[in-house]
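> Sequence first, then the predicted structure, then my questions.
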Amino acid sequence: MRISVIGTGYVGLVTGTCFAEMGNDVYCVDVDERKIDHLKSGVIPIYEPGLSAMVSANAEAGRIKFTTSLAEALRDSEICFIAVGTPMGADGSADLQYVLAVAKEIGQTIERYLCVVDKSTVPVGTAAKVREVIQDELDKRRLAVEFDVASNPEFLKEGSAVGDCMRPDRIVIGADSERAIHLLKTVYEPYVRNTGNFLVMDIASAEMTKYAANAMLATKISFINEISRICECVGADVNKVRLGIGSDHRIGYSFIYPGCGYGGSCFPKDVEALIKTAEQNGIVTELLKSVTSVNDLQKHVIADKVKSRFGSDLSGRKFAIWGLAFKPDTDDMRESPAITIVKDLTEAGAAIAAYDPKAMEEARHCYLKDIADIEYCPSKYDALTDADALVLVTEWKEFRSPDFDEIKKRLKTPLIFDGRNQYDADWLDQIGIEYHQIGVKR
Ligand SMILES: NC(=O)c1ccc[n+]([C@@H]2O[C@H](COP(=O)([O-])OP(=O)(O)OC[C@H]3O[C@@H](n4cnc5c(N)ncnc54)[C@H](O)[C@@H]3O)[C@@H](O)[C@H]2O)c1
């Protein structure tokens, strides 16, 4: 099938590539000329495991092309996926300007039938807006062109996006036309052949499903983080409590790891946008507001622990930060807890020596560019040299089993603040490393 994907970010580039991998002819479109130039010359602008090789193979085979011209892409496409950003607007609602700009351009461009699919995370009612904008543009051109607008929220996870796309848990489709459903079934059939998990529903329910899924996951994280705060005060160990509750299959083990808060491009903005949608409909969301406020608090927990240990004035101190990305296996730093932690520590006077396997360029040029007292180190051990303590923020695999002797040798004080509860507290105690983790009293 001939497919266009508009927006070549974490979602668009991965899904476009996975469509090509299945034998489709794919055009990936972006307004960012630099990004498209890079992609044309084989440079992948994001880090996502397995993506680079898949893009190269499909580009070489001529199944994936990159362009800044929507008209060029749509010329031959029967179906077009909108995968542009929907960042948080000033009032917390989803900012739809990029989605609607694409809709406008589609209306100004199409000459024949097109199935337009919202893959971006968008509030209920957006497909209707997209339809209206396209129709307005067609009316201005006095053209009667048939088109459909469908919803197909994306559930991939950064860090395992390629696998998630090739083997999705489910495909959710919101559509009100048989033609659109047929086209989407044709696109997705190879990906859900095993499970048959292709769920067709009305458009509003599909749009809502994405927000409900992210709100549920964010709720689980904030729940365990709140429990961790109580554990710490009463002398319980949240790591043991997690296992105790996770073994109940109604609760399950996933997404109940205590930590220094969730970040990323989705949970924070999607929970906010859902709160806003509720508000616009006269509903007060006590639970969702708490999910957000617990998370905001949680991002400060690690710096608070550092200050309890060293005092609130951290002048003259240096801390090694392991991990800047909002989670492992990505270079994405959007809303990363590392941003809050670095700011809290530097505002208290500390210097930072940071290491992340993939996110240091993002930090240096964007998210931490205003922080003067930060040094980016070539390895995790270099970051430790003469630091007062190690602060672990992102649970990259290379941090899981470090050389603790090397950590002791390099740090001024053998001391770890662990924002992801990665290590065995008893073992660290035996080898003489002072260990502070989330939800465990010291
Ligand atoms: N990142 C994730 O893990 C994830 C997962 C599921 C859903 N989503 C949702 O998918 C959407 C995209 O997220 P992302 O993380 O890929 O965003 P992103 O910021 O990485 O990429 C968006 C891309 O769209 C491009 N763009 C903006 N306006 C454009 C236009 N008019 N024409 C063509 N391209 C344009 C930008 O230049 C950018 O490259 C969002 O709604 C997000 O909530 C994201």
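That came through, no problem. Predicted model only: the values in this text are computed from it and were never measured.

> So which bits of the protein are right by the ligand?
6-12, 29-32, 35, 83-86, 98, 101-102, 120-121, 154, 156, 158, 265-266 (Cβ under 6 Å from any ligand atom). Every C-beta, even on glycine, is put in place using the N, C-alpha and C of the backbone.

> Low-confidence regions, the stretch 251-400 of the chain specifically.
For the stretch 251-400 of the chain, no stretch has pLDDT under 70.

> Can you report how many residues lie near the residue in the chain that the ligand sits nearest to?
Relative to the ligand, the nearest point of the chain is Gly9 (1.8 Å; Cβ to the nearest ligand atom). Neighbour count for Gly9, taken as other Cβ atoms under 10 Å: 18.

> May I see the buried residues of stretch 16-23?
16-22 (16 or more other Cβ atoms under 10 Å).

> Next one, pLDDT for Asp76 please.
Looking at Asp76, its pLDDT reads 89.

> doesn't Ile3 make contact with it?
No - using Cβ atoms under 8 Å, Asp76 makes no contact with Ile3, being 9.7 Å away.

> what about those two, which has more around it?
Taking other Cβ under 10 Å, Asp76 and Ile3 do not tie; Ile3 has more neighbours (26 against 11).

> that's a strand at the more buried one, yeah?
Yes - counting by DSSP: H, G, I helix; E, B strand; the rest coil, one finds Ile3 located in a strand.

> what bridges to it?
With DSSP bridges as the criterion, Ile3 is bridged to Val26, Ile79.

> hey, what's in contact with both of Asp76 and Ile3?
25, 27 (Cβ atoms under 8 Å, 6 or more residues apart in numbering).

> On the three-state scheme, Cys115 is what?
Cys115 ends up strand, using three-state DSSP.

> What does Gly174 show for phi and psi?
phi -110, psi 120 (degrees, to the nearest 10).

> do the same with Tyr262
The phi and psi torsions at Tyr262 (degrees, to the nearest 10) take the values phi -90, psi 150.

> dump the residue contacts of it.
218, 221-222, 268, 295, 326, 337.

> which residue packs closest to it, ignoring adjacent ones?
Sequence neighbours aside, Ile221 is the residue nearest to Tyr262 in space, at 4.9 Å (criterion: Cβ to Cβ, 6 or more residues apart in numbering).

> for the protein, what's the longest helix?
Longest helix in the chain, counting residues (DSSP state H): helix 203-234.

> Which parts of the stretch 201-350 of the chain are strands?
Ranges of strands within the stretch 201-350 of the chain are 318-322, based on DSSP state E, counting those that start in this stretch.

> I meant the stretch 1-150 of the chain, not that one.
For the stretch 1-150 of the chain, the strands defined by DSSP E, counting those that start in this stretch occupy 2-6, 25-29, 64-67, 79-82, 114-118, 147-151.

> what about Ile416, is that helix, strand or coil?
Ile416 - assigned by three-state DSSP - is strand.

> I figured it was touching Glu434, is that so?
Yes - judged on Cβ under 8 Å, Ile416 makes contact with Glu434 at a distance of 7.3 Å.

> shared neighbours, the two?
Leu428.

> which of the two has more neighbours?
Ile416 (24 against 14).

> tally of neighbours for Arg442?
Quick note: Arg442 (other Cβ under 10 Å) scores 11 neighbours.

> can you check Phe417 too?
Using other Cβ under 10 Å, Phe417 is surrounded by 24 other residues.

> quick one: the helices in the stretch 251-400 of the chain?
267-280, 286-298, 301-310, 337-347, 360-362, 380-384 (DSSP state H, counting those that start in this stretch).

> residues contacting Leu138?
107, 110, 144-145.

> Report pLDDT for Ile64.
Here the pLDDT value assigned to Ile64 is 98.

> pretty sure it is touching Asn58, no?
Yes - Ile64 is in contact with Asn58 according to Cβ under 8 Å; the separation is 4.3 Å.

> So between those two, which is more surrounded?
Between Ile64 and Asn58, counted using other Cβ under 10 Å, Ile64 has the larger neighbour count: 26 against 23.

> That one bridge partners, please.
Taking DSSP bridges as the rule, Ile64 bridges to Val26.

> Distance-wise, check it relative to Thr186.
Noted for Ile64: a distance of 19 Å to Thr186, by Cβ to Cβ, to the nearest Å.

> show me the contacts for Lys408.
Contact criterion Cβ under 8 Å, 6+ apart gives 414, 431-433 as the residues in contact with Lys408.

> From those residues, list the buried ones, please.
414, 433.

> could the contacts of Lys408 go into TSV alongside secondary structure?
Formatted as TSV, those follow (three-state DSSP):
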residue	secondary structure
Pro414	coil
Ile431	coil
Gly432	coil
Ile433	coil
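
> Reformat the contacts of Lys408 as TSV; add pLDDT.
TSV is the format used below for these (pLDDT from 0 to 100):
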residue	pLDDT
Pro414	97
Ile431	97
Gly432	97
Ile433	98
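
> list the contacts for Val14?
Contacts for Val14 (Cβ under 8 Å, 6+ apart) come out as 48, 51, 156, 161-162, 165.

> wouldn't the residue nearest to Tyr262 be in contact with Gly263 here?
No - the pair Ile221 / Gly263 is not scored as a contact, 10.4 Å apart, by Cβ under 8 Å.

> more crowded one of those two?
Gly263 (24 against 21).

> Tell me who's in contact with the more buried one.
Gly263 touches 299, 326-327, 333-337, 339, counting by Cβ under 8 Å, 6+ apart.

> per-residue pLDDT, the residue nearest to Cys260 when sequence neighbours are not counted?
Nearest residue to Cys260, sequence neighbours excluded (Cβ to Cβ, 6+ apart): Gly419, at 3.4 Å. You'll see Gly419 listed with a pLDDT of 98.
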